[in-house]
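Student: coordinates for the following, if possible.
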Amino acid sequence: MKTWRVVVIALSFLLLSGCLVTFREPLPASEPAPKGLLGKWTSTNAWGEPMNLELTRISGNRYQAVSYFKAKPKEREAYPFTMSRHGSRWYLSAKVPAQFGGHFIIAGFELTDKQELVVYNLDLEQINQALGQNVLSGEGFQTDDGDGVLINTGMDQVFAYLDDPANSDVFVEAVRYQRLAKAKAAVK
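Tutor: Got it, this is the predicted structure:
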């Protein structure tokens, strides 16, 4: 379970319930990060533990998320990711560990006017409904930590589905970060 929690915390893309929506391919590294995304962020996980997230550019349009608990700053996990903008939405993707299929997740994110980074996961139940209606195609899988689904549909069709305003409920808020500097100032 520890590895699962690290993935949840580090990427902040997966639902804490253990549900996982994966894709065969990552997003292409075609978009630069939106202004204000890179830098240091802070939040508190579902267990009440303060955690930090550092987002940096690796090279070109490839990025890295480094996550660590405030109480254990030397124990860091790093995950590369790419991002893309479709319509008015920003998406990012990252590879999941082999024990969860080794494929890629896609999450939505936004930067708010309040200097917050909000990450949205895909709701497994909504994705399963789309599979049942043959809007998307895929196959379910099981891990020790919960159910998952691997989407086989091409990315153009996936984004047509995700970008459709009628499907806005497919996204659920996973985590909300604040700029690290603002969090420190609030403590003083």
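Student: could you pull out the strands for this structure?
Tutor: With DSSP state E as the criterion, the chain has strands at 20-23, 39-44, 50-59, 62-69, 77-86, 89-95, 104-111, 116-122, 138-143, 146-151, 171-179.
Student: out of those strands, which is closest to P165?
Tutor: Comparison of these against P165 by CB to CB identifies strand 89-95 as nearest, at 10.4 Å. All C-beta spots, glycine's among them, are computed from the backbone N, C-alpha and C.
Student: and the closest one, how far out from the chain's middle?
Tutor: 6 Å (CA atoms, centre = their mean, to the nearest Å).
Student: who are the packing partners of that strand?
Tutor: The contact analysis (3 or more CB pairs under 8 Å, 6 or more residues apart in numbering; DSSP states H and E) places strand 89-95 against strand 77-86, strand 104-111, helix 155-163.
Student: direction included, what does that strand pair against?
Tutor: Applying DSSP bridges, strand 89-95 is found paired with strand 77-86 (antiparallel), strand 104-111 (antiparallel).
Student: most tightly packed of the helices and strands packed on strand 89-95?
Tutor: Highest mean neighbour count among the helices and strands packed on strand 89-95 (mean count of other CB atoms under 10 Å): strand 104-111, with a mean of 20.
Student: got the CA positions of it in PDB?
Tutor: Taking C-alpha atoms only, strand 104-111 is exported to PDB below (Å, rounded to 0.1, in the frame of the first residue of the first chain):
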ATOM      1  CA  PHE A 104      -0.200   6.400 -18.400                       C
ATOM      2  CA  ILE A 105      -2.700   8.500 -16.500                       C
ATOM      3  CA  ILE A 106      -4.300  11.700 -17.800                       C
ATOM      4  CA  ALA A 107      -5.400  14.400 -15.400                       C
ATOM      5  CA  GLY A 108      -6.800  17.800 -15.800                       C
ATOM      6  CA  PHE A 109      -5.500  20.900 -14.000                       C
ATOM      7  CA  GLU A 110      -6.100  24.600 -13.600                       C
ATOM      8  CA  LEU A 111      -4.400  27.500 -12.000                       C
END
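Student: distance between it and the chain's centre?
Tutor: Put simply, strand 104-111 sits 4 Å off its chain's centre (CA atoms, centre = their mean).
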